[in-house]
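1. below: sequence and its predicted model.
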Amino acid sequence: MVFATILSGLAPSFLMVALGGVIRARLSEKAWQGLDKLNFEILFPALLFVAACKRPIAVADVLQIGPAVWAILIFAMLLGWAARPIGPDRFLDFAGGWQTVWRFNSAIALVASQTLGPDTIGQMAVAIGMAVPVANMLAVLVLSKGGSLSLLQTLSRVALNPFLLASVLGVAVGLSGITIPAPILAPLEMVAAAAIPIALISIGATMNWTALAKMDRFSGYVCLTQLVLVPGATFLVCLLAEGANGLAPVLILFAALPTASAAHVLASGFGADRKLVATLIAQSTLLSAVTMPLWILAARAVF
């Protein structure tokens with residue numbers, strides 16, 4: 001019964017992804033890219049800001065969630081490095097695939113967190129706010145090693161990331177206890193409400209639905225690390241820490257997320273193999289439809 005409840009909670013999201021696959025041909029590739037750009041620059045930052053600022057955030061949550069999600073990201077990065085011998089020969093192409101191990105899909109994070117209760121959404125917003133700058137910094141750094149960007153360009157790209165700016169600002173407002181007046185917050189909420197549906201439809205429209213048939217040793221290890229090994233280790237640590245002060249479900253869900261759908265944009269910007277990254281995104285997203293409900297079920301049952 002609990003598993004059915006979780007699946008029913010996630011089903012609308014996966015159906016939206018399927019809808020994107022059905023209507024893919026209705027829009028041109030440039031139109032889909034425009035929607036992604038709109039979501040990346042405006043809609044999703046609005047969602048992250050609203051999710052964080054609407055609920056008072058305790059300093060203790062930030063101090064606990066921040067180091068925890070950073071540890072998850074770095075652990076995933078280290079596990080991903082083990083795939084270097086079986087990855088692409090060119091380091092830049094490997095870095096493009098390597099980054100998908102620790103990057104996470106924020107849209108699915110906020111959707112899936114609703115299955116764990118209303119308080120979890122705010123905690124997940126804090127987790128995203130703390131993790132976005134570190135995840136992007138790590139991705140830009142490893143791609144820069146094989147790319148042509150200068151140090152100044154690298155730092156600028158990290159600092160001006162709209163997800164980073166919106167997350168940090170939202171967390172700051174939540175920590176301050178300031179209440180944004182309803183006439184100002186209402187338009188932001190309207191914009192934010194469009195972010196997840198558009199993101200899910202766009203994922204379905206750009207996804208390679210035959211990606212699972214193309215899984216090799218490298219992509220198999222990447223997906224295994226991201227969807228099984230990292231959340232498994234997080235689950236074990238939370239169990240040993242006796243629930244991690246009530247944050248265990250959020251941390252386990254965070255660790256079990258598929259990779260960020262925008263990872264291929266960053267890879268392309270550095271000249272890495274964009275097709276490889278797109279395939280990894282599709283594989284982790286499709287497989288997460290099976291693994292993520294199982295981790296949510298385990299977190300709810302134990303914690």
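-> Yep, it's here.
2. please count neighbours and contacts with C-alpha atoms only from this point.
-> Will do.
3. separation between the residue lying farthest from the centre of the chain and Met190?
-> What lies farthest from the middle of the chain is Pro183; by C-alpha atoms, centre = their mean that is 30.2 Å. Computed as C-alpha to C-alpha, to the nearest Å, the Pro183 to Met190 distance reads 11 Å.
4. over to Thr210?
-> For Thr210, the distance to Met190 - C-alpha to C-alpha - is 35 Å.
5. and what of Gly174?
-> Distance from Gly174 to Met190, by C-alpha to C-alpha: 19 Å.
6. okay, those two: which has more neighbours?
-> Gly174 (24 against 13; other C-alpha atoms under 10 Å).
7. unless I'm mixing things up, the more buried one is touching Lys54, no?
-> Yes: applying C-alpha atoms under 8 Å, one finds Gly174 in contact with Lys54, separated by 6.8 Å.
8. gap between Cys163 and Val173?
-> Actually, residue 163 is Phe. It isn't Cys. Relative to Val173, and taking C-alpha to C-alpha, Phe163 is found at 15 Å.
9. check the offset of the host helix or strand of Gly232 from the chain's centre.
-> Using DSSP states H and E, the element containing Gly232 is helix 230-240. What separates the centre of helix 230-240 from the centre of its chain is 19 Å, taken as C-alpha atoms, centre = their mean, to the nearest Å.
10. now do that helix: which elements does it pack against?
-> helix 59-81, helix 248-255 (3 or more C-alpha pairs under 8 Å, 6 or more residues apart in numbering; DSSP states H and E).
11. elements contacting the helix or strand that comes right after the longest one?
-> Translated: helix 59-81. Counting by DSSP H and E, the next helix or strand C-terminal to helix 59-81 is helix 91-98. Packed against helix 91-98 by the contact rule (3+ C-alpha pairs under 8 Å, 6+ apart) you find helix 59-81, helix 118-146, helix 263-270, helix 274-302.
12. and the angle for helix 91-98 with helix 59-81?
-> 130 degrees (axes from the mean of the first three to the mean of the last three C-alpha atoms, to 10 degrees).
13. what residues does helix 91-98 touch?
-> 77, 80-81, 84, 87-88, 139, 142-143, 145-147, 222, 263-264, 267, 271-274, 276-277, 280 (C-alpha atoms under 8 Å, 6 or more residues apart in numbering).
14. hang on, the earlier thing: save the helices and strands packed on helix 91-98 as a markdown table, and put in mean pLDDT too.
-> Compiled in a markdown table, the helices and strands packed on helix 91-98 are given as follows (pLDDT from 0 to 100):
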| stretch | mean pLDDT |
| --- | --- |
| helix 59-81 | 92 |
| helix 118-146 | 80 |
| helix 263-270 | 73 |
| helix 274-302 | 86 |
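15. reformat those as a markdown table; add distance to Val111 and mean neighbour count.
-> Below are those laid out as a markdown table (distance: least, C-alpha to C-alpha, whole Å; neighbours: other C-alpha atoms under 10 Å):
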| stretch | distance to Val111 | mean neighbour count |
| --- | --- | --- |
| helix 59-81 | 18 | 17 |
| helix 118-146 | 8 | 22 |
| helix 263-270 | 19 | 19 |
| helix 274-302 | 12 | 20 |
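16. between the ones you listed, which one is closest to Ile23.
-> Closest approach to Ile23 among those (C-alpha to C-alpha): helix 274-302, 17.2 Å.
17. is Phe218 in a helix, a strand, or coil?
-> helix (DSSP: H, G, I helix; E, B strand; the rest coil).
18. quick one, what contacts it?
-> Ala83, Ile86, Gly87 are the contacts of Phe218 under C-alpha under 8 Å, 6+ apart.
19. returning to that earlier point: between the helices and strands packed on helix 91-98, which one is nearest to Phe235?
-> Nearest to Phe235, of the helices and strands packed on helix 91-98 and by C-alpha to C-alpha, is helix 274-302 at 7.8 Å.
20. by contact count, what packs against that closest one?
-> Counting by 3+ C-alpha pairs under 8 Å, 6+ apart, helix 274-302 packs on helix 2-22, helix 91-98, helix 217-224, helix 248-255, helix 263-270.
21. could you redo the last one with a cut-off of 7 Å?
-> Contact analysis of helix 274-302 by 3 or more C-alpha pairs under 7 Å, 6 or more residues apart in numbering; DSSP states H and E lists helix 2-22, helix 91-98, helix 248-255, helix 263-270 as its packing neighbours.
22. need the helix or strand of this protein with the lowest average pLDDT.
-> The weakest-scoring helix or strand in the chain, judged by mean pLDDT, DSSP states H and E, is helix 151-159 (a mean of 71).
23. quick one on the thing from earlier: turn the helices and strands packed on helix 91-98 into JSON lines, including distance to Phe40.
-> Formatted as JSON lines, the helices and strands packed on helix 91-98 follow (distance: least, C-alpha to C-alpha, whole Å):
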{"stretch": "helix 59-81", "distance to Phe40": "21"}
{"stretch": "helix 118-146", "distance to Phe40": "13"}
{"stretch": "helix 263-270", "distance to Phe40": "11"}
{"stretch": "helix 274-302", "distance to Phe40": "17"}
